[in-house]
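K.L.:
just the structure for this:
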Amino acid sequence: MDRKEFLSAIGLTAASFALINCAGCSKKSDNGTSGVNGPSDINFTLDLTISANAALLTNGGYLASNGVIVAKTTAGTYVAVQQSCTHQSYPLIYQGSNQQFYCNNHGSAFTEAGVVKNSPANRNLTVYQTTLTGSSLRVFS
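P.N.:
Coordinates of the predicted model:
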C-alpha cells in the first residue's frame with residue numbers, strides 16, 4: 001500500500017468513526033431540554049412545630065417534600081414550586097438572598113413566582129398554592 005492509499009484508508013475510517021459517535025449524540029428538537037413538569041394533584045400539609053420542618057420558620061429557609069420545594073421568602077411569605085429543574089430534571093435549591101430557585105447543574109434560575117430568569121431552562125416551574133392556618137402549612141395544586 002502506498003502513502004496515498006494509506007491516508008485515504010485512515011481518512012475513511014476516521015470519518016466513519018466520527019459519524020457513528022455523532023449519531024448517538026444528536027440534538028433533539030427541544031435542544032436537550034426535557035420539558036419536565038412538576039407533579040400534579042399535590043395536596044399535603046406541613047406541621048411547622050416539628051423539627052423536620054424548622055427551616056420554614058426562618059425567612060429564606062426552604063425544604064423539599066413530595067417533589068415540591070417549599071420556601072419562606074425574605075418577605076415572610078410561603079411559596080412552593082416543583083423540585084426539579086425544567087431543563088433536565090436536576091433538583092433545585094432556594095436562594096433566599098437572591099430571591100430565586102436555582103439549579104446547580106447548569107445554572108438555570110427562576111423567580112419566586114417560578115418564571116425562568118436564566119437559561120438553559122426555557123420553561124417556567126409548576127407553582128403550587130400555599131395556605132397557612134396556625135402552624136399548619138398546606139401545599140396544594
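K.L.:
quick one: contacts for the residue nearest the centre of the chain?
P.N.:
Closest residue to the average C-alpha location of the chain: C85 at 1.2 Å, with C-alpha atoms, centre = their mean. Neighbour list for C85: V36, P91, L92, C103, N105, H106, S108, A121 [criterion: C-beta atoms under 8 Å, 6 or more residues apart in numbering]. Bear in mind the C-beta positions are built from the backbone N, C-alpha and C, glycine included.
K.L.:
wait, the fourth one sits on A121?
P.N.:
Right, the one you point to is C103. Yes: C103 is within contact range of A121, at 7.1 Å (criterion: C-beta atoms under 8 Å).
K.L.:
please identify every residue contacting each of those two.
P.N.:
Joint contacts of C103 and A121 (C-beta under 8 Å, 6+ apart) are C85, H87.
K.L.:
what sits opposite the residue lying closest to the residue nearest to the centre of the chain once chain neighbours are set aside in the beta ladder?
P.N.:
Nearest non-adjacent residue to C85, counting by C-beta to C-beta, 6 or more residues apart in numbering: C103, 4.1 Å away. With DSSP bridges as the criterion, C103 is bridged to L92.
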